[in-house]
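Q: Show me how the following folds:
(chains A, B, C and D)
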2 protein chains.
Amino acid sequence: MSMDAVFKALADPLRRTLLDALRARGGQTLGGLCGGRGMTRQAVSKHLAVLEAANLVATERRGREKLHYLNPAPIQEIADRWIGQYERSRLEALADLKFRIEGERDG
Amino acid sequence: MSMDAVFKALADPLRRTLLDALRARGGQTLGGLCGGRGMTRQAVSKHLAVLEAANLVATERRGREKLHYLNPAPIQEIADRWIGQYERSRLEALADLKFRIEGERDG
DNA sequence: TGCATAGGCAACTGAATAGTTGCATATAGT
DNA sequence: ACTATATGCAACTATTCAGTTGCCTATGCA
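A: Numbers count the residues shown, from 1 in each chain, chains lettered A, B, ... in the order given. Below is the predicted model:
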């Protein structure tokens, strides 16, 4: 499974709110996930498809409904395999900069 | 500083390789960062501008050269403030799924 | 059988994006 | 001053993308 698809899927704010919603409560239907987003069902459906392609969301068919579940594994993988490298290099990077960069724009 | 800009900046594979290059060695020039990418200098420059706008790259002018440095702080922030939520909910999410999702597509 | 609900597919449109090209500016070295 | 190097800016193009619309399928239920 490609890590690039995960990064791309996470790049959209609406998709992150979908993940948030599924983190709060798993097993939501497409219709349920559309509520209060000011967007058509098809638009939300496309976003969910992107998340599903990135393996961030798993689905289960129950009758005519499609239940959506968060799969946090790819996020974990990014944290472990990608962000970890930058954590490890953080102190040396700061030493490398050793000037005004931190706090320049504040945070 | 917006976390969305960081997510969007990280969504591009070339930009991630630029971050990798700066993590390996700070203070590289634009020209130096262009090597072996099969892309014009302007294209790379635009990508660096995106990274800079997301505060992932800090720059310093030295004469006619522009030196680029990695700033890992936004990545840290995402790890702490965003990914952290999903780490915390991982076990309960797995309990929520309690079926075939992990390992369905393998990894 | 008839109807309502949940979702899927495909075509279309307008906006955003990536990358290029051409030219301009600024510094370094002679 | 002159030339080469390092970068910046702006316009243009081709592609990609988000969201919509219209229609179709499938399930639930009376």
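Q: mind listing what A:R81 touches?
A: A:M3 (Cβ atoms under 8 Å, 6 or more residues apart in numbering or on different chains). Yep, even glycine has a C-beta here, placed from its N, CA and C like the rest.
Q: any idea how far B:W82 is from it?
A: As judged by Cβ to Cβ, to the nearest Å, A:R81 and B:W82 stand 17 Å apart.
Q: Please apply the same query to A:L56.
A: A:L56 sits at a distance of 13 Å from B:W82 (criterion: Cβ to Cβ).
Q: who's more crowded, those two?
A: More neighbours surround A:L56 than the other of A:L56 and B:W82, with 24 against 18 (other Cβ atoms under 10 Å in any protein chain shown).
Q: I'd like the distance between that one and chain B.
A: A:L56 sits at a distance of 10 Å from chain B (criterion: Cβ to the nearest Cβ, to the nearest Å).
Q: Equivalent analysis for A:H47, please.
A: 14 Å.
Q: Could you find the closest non-adjacent residue to that residue?
A: Nearest residue to A:H47 in three dimensions, chain neighbours excluded: A:R15, at 5.1 Å (Cβ to Cβ, 6 or more residues apart in numbering or on different chains).
Q: beta partners for the closest residue to A:T29 other than its chain neighbours?
A: The shortest distance from A:T29 to any non-neighbouring residue, by Cβ to Cβ, 6+ apart, is to A:E65 (4.8 Å). Beta-bridge partners for A:E65, by DSSP bridges, are A:R62.
Q: Distance of A:E65 relative to A:A11?
A: Taken as Cβ to Cβ, the span from A:E65 to A:A11 is 28 Å.
Q: When these two are compared, which one has more neighbours?
A: Each of A:E65 and A:A11 has its neighbours counted (other Cβ under 10 Å); A:A11 has more, 18 against 14.
Q: For chain A, just list every one of the helices.
A: Along chain A, counting by DSSP state H, helices occupy A:3-10, A:13-24, A:30-34, A:41-53, A:73-78, A:84-88, A:90-97.
Q: now for the ones you listed, which one comes closest to B:G31?
A: In terms of Cβ to Cβ, the element of the helices of chain A nearest to B:G31 is helix A:90-97, at 19.7 Å.
Q: Just the mean pLDDT for the closest one, thanks.
A: Regarding helix A:90-97, the rounded mean pLDDT is 58.
Q: Tell me the residues on chain A that lie near DNA strand C, please.
A: Neighbours of DNA strand C within chain A, by Cβ under 7 Å from any atom of the strand: A:T29, A:L30, A:G31, A:G32, A:R41, A:Q42, A:S45, A:R64, A:E65, A:K66.
Q: Turn these into a markdown table, columns for distance to B:S2.
A: Output for the residues of chain A next to DNA strand C, formatted as a markdown table (distance: Cβ to Cβ, whole Å):
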| residue | distance to B:S2 |
| --- | --- |
| A:T29 | 31 |
| A:L30 | 29 |
| A:G31 | 31 |
| A:G32 | 28 |
| A:R41 | 28 |
| A:Q42 | 28 |
| A:S45 | 27 |
| A:R64 | 39 |
| A:E65 | 36 |
| A:K66 | 32 |
